[in-house]
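[1] Here is my input, please return the structure:
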Amino acid sequence: MSVTTGSQGKKKDPAPSGPSLALCLMVPAMALIGGCASFSAIKETPIDDLIRESNAQQAAGYLADVGDVLTVRFYYDPELDYDAVVRPDGSISLSLIGDVKAQGKTLAQLSAQITEAYRAFLKQPDATVVMRNPAGHRVFVTGEVLAPGVFTLQGTETALSALSLAGGLSDRATYKQVVLIRHLQGKEMVSILNLKHALDGSDERQDVRIMANDIVYVPRTGSAQTDVVLKNLIWNKAPFSMAAGAYGNWSGTIK
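    Sure thing, here's the model as predicted:
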């Protein structure tokens, strides 16, 4: 499936030279049969759908993440109040009930879950989970940028500011085709951002707000390896540094 960049209803920029960027992101759907495999395509997410679903997620409330320090308070049993750190496995440990999965849940959901778990031990559990110290969220910036890496953000950054933290684009990339990979409540979302439109003001929606654990991938213009790298990034089959590349000095030119 070929991908056309540019927002709906606007004149699209000519595609960069070389093969067009495609999101033929194929994942095995069946076991190998006779050396061949069946595949299922992951489709590109239109920018409007990405923004709508992301806004709905954010409106639902903050999702606990690894490294967050949470305070669990018991209104009628304050002696059980406890500060818990979300471990790398996504769980917190509490007295009496043991491990509780916290990562990916809103604080309201976590409060309800803990309250229910403590009903076996307390007459009026009424647990409330509050944020004591957020860990900050991570964004992974890789591909044709000068300083690929993992960056901790404060929650207001956008795709362009993430690229800025990574030193900008190399001479082998274009702002017209920047890939955003987002894991949203178990759903894989892959969108192609035309950040040139964001820079010239013709479509500021393209400079989407970054969410926790987003991957911003800048492919090499015309690279035939784009699909392979994206598949590995999405399904976590490759080290983060696999797709990283730094070529020459960034001139700041918008290509």
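
[2] so how many other residues sit close to Pro134?
    Counted by other CB atoms under 10 Å, the residues lying close to Pro134 total 16. Where C-beta positions appear, they are placed from N, C-alpha and C, glycine not excepted.

[3] Could you verify my assumption that it touches Ala64?
    No: with contacts defined as CB atoms under 8 Å, Pro134 does not count as touching Ala64, sitting 9.1 Å away.

[4] For burial, what's the neighbour tally of Ser111?
    The local packing count at Ser111 equals 19, with neighbours defined by other CB under 10 Å.

[5] What strand or helix carries it?
    Following DSSP states H and E, the helix or strand that holds Ser111 is helix 107-117.

[6] The longest helix out of those in the chain vs helix 107-117, what angle?
    Secondary structure of the chain read by DSSP state H shows that its longest helix is helix 47-60. Computed by axes from the mean of the first three to the mean of the last three CA atoms, to 10 degrees, the angle separating helix 47-60 from helix 107-117 equals 50 degrees.

[7] What residues sit buried inside helix 47-60?
    Judged by neighbour count using 16 or more other CB atoms under 10 Å, the buried positions of helix 47-60 are 47, 50, 53-54, 57.

[8] Which elements pack onto that helix?
    Under the contact definition 3 or more CB pairs under 8 Å, 6 or more residues apart in numbering; DSSP states H and E, helix 47-60 sits against strand 178-184, strand 187-193.

[9] Count the neighbours of Thr106 for me.
    The local packing of Thr106 (other CB under 10 Å) involves 15 other residues.

[10] Equivalent analysis for Ile92, please.
    Residue neighbour count, defined by other CB under 10 Å, stands at 25 for Ile92.

[11] residues in contact with the residue nearest to Val130 when sequence neighbours are not counted?
    Spatial nearest neighbour of Val130, chain neighbours left out: Thr71 (5.0 Å); criterion: CB to CB, 6 or more residues apart in numbering. Applying CB atoms under 8 Å, 6 or more residues apart in numbering, we find Thr71 in contact with 81-84, 129-132.

[12] List the beta-bridge partners for Lys187.
    Per DSSP bridges, the residues bridged to Lys187 are Leu184.

[13] Can you give me the pLDDT of it?
    pLDDT, the model's per-residue confidence, is 79 for Lys187.

[14] and if you look at Leu233?
    Reading off the per-residue confidence, Leu233 sits at a pLDDT of 66.
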